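Chemist: okay, predicted coordinates and the sequence, questions at the end:
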Amino acid sequence: MKTTKCPSCGEADMVLEVIPRHETRLGGIPLVVPDASIARCPTCGETLVSATEMERWRDVQRQQLQEAGQVPSSGEVARIRGAFGFSVSDFAVVTGVTRQTVHAWERARGAGMPFGPASLLVGLLGRELARRVTGVCSALVEAATDRGQEVKCAQQGLEEAVPRAAPTQKRSPPGPALRARAPGAPSFCVITGNAA
């Protein structure tokens, strides 16, 4: 086995340790890693984690966040997309990713989506379906319209067209139909036009 000198002090070889229950943070989020492999310098205490081990930690974090209901699973992504009536292309537009990424989220065989801004956004759409928050879909539609994409939004089963804004124009606030939604009622949106 190849030994590596400590990159910090350069005085000692790094020693591999396996910690049965390593408590740390990854991306600022608390994480408990079972059997964590960490190289530690016996002289200065510097620690290193291999790229392969760090990828395993990300997988552990994704699983823990899914179990806690913080990251949608592949089935939940498909359910949320379908409940809002989005095609894969439309869902890609409103979440800011590619169609291939949406397909990957839905076909991840339990792994679901990685933690990040998109998982937070899809989670908020899920909360809107559960009537725990309101206005998420409407805000996404407004943002797509601001980007110059044609957007139609169905509120409580009624189709309402949101006017397309020219890319250089400032968009006016949404019309009364978008603001008059009953509290707790989900927004159902369909994106049309230049889907990625």
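Modeler: Great, that's in hand. Numbers count the residues shown, from 1 in each chain.

Chemist: list the buried residues for stretch 64-76?
Modeler: Gln64, Leu65, Gln66, Val71, Pro72, Ser73, Ser74, Glu76 (16 or more other Cβ atoms under 10 Å). For glycine as for every other residue, the C-beta is placed from the backbone atoms N, C-alpha and C.

Chemist: for stretch 24-39, same thing?
Modeler: Neighbour-count burial for stretch 24-39 flags Thr24, Leu31, Val33, Ala36, Ser37, Ile38, Ala39 (criterion: 16+ other Cβ under 10 Å).

Chemist: tell me which of the residues you listed fall in helices.
Modeler: Among the buried residues of stretch 24-39, no member is found in helices (DSSP state H).

Chemist: from those, pick the one nearest Glu17.
Modeler: Closest approach to Glu17 among the buried residues of stretch 24-39 (Cβ to Cβ): Ile38, at 5.3 Å.

Chemist: could you pull up the residues touching the closest one?
Modeler: Counting by Cβ atoms under 8 Å, 6 or more residues apart in numbering, Ile38 touches Leu16, Glu17, Val18, Ile19, His22, Thr47, Leu48, Val49, Glu53.

Chemist: now the buried members of the residues you listed.
Modeler: For the contacts of Ile38, buried by 16+ other Cβ under 10 Å: His22, Val49.

Chemist: among the contacts of Ile38, which ones are in strands?
Modeler: Counting by DSSP state E, the contacts of Ile38 place Leu16, Glu17, Val18, Ile19, His22, Thr47, Leu48 in strands.

Chemist: just send the residues you listed back as CSV, with distance to Glu142 and pLDDT too.
Modeler: CSV is the format used below for the ones in strands among the contacts of Ile38 (distance: Cβ to Cβ, whole Å; pLDDT from 0 to 100):
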residue, distance to Glu142, pLDDT
Leu16, 52, 93
Glu17, 51, 94
Val18, 50, 95
Ile19, 47, 95
His22, 43, 95
Thr47, 46, 91
Leu48, 46, 92
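
Chemist: what lies in contact with the lengthiest helix in the chain?
Modeler: Ranked by residue count under DSSP H, the longest helix found in the chain is helix 51-67. Here helix 51-67 makes contact (Cβ under 8 Å, 6+ apart) with 24, 26-27, 29, 31-34, 36-38, 49, 71-73, 111-112, 114-115.

Chemist: any weak-confidence spans in the chain?
Modeler: 1-2, 109-112, 150-196 (pLDDT under 70).

Chemist: got the domain boundaries for it?
Modeler: The chain resolves into domains spanning 15-67, 74-191 when parsed by automatic domain parsing.

Chemist: ranking those domains by burial, who's on top?
Modeler: Neighbour counts (mean count of other Cβ atoms under 10 Å) averaged over each of the domains of the chain peak at domain 74-191, with a mean of 17.

Chemist: quick check: Ser37 vs Gln64, distance?
Modeler: According to Cβ to Cβ, to the nearest Å, Ser37 and Gln64 sit 18 Å apart.

Chemist: what do you get for Pro117?
Modeler: Going from Pro117 to Gln64 by Cβ to Cβ gives 19 Å.
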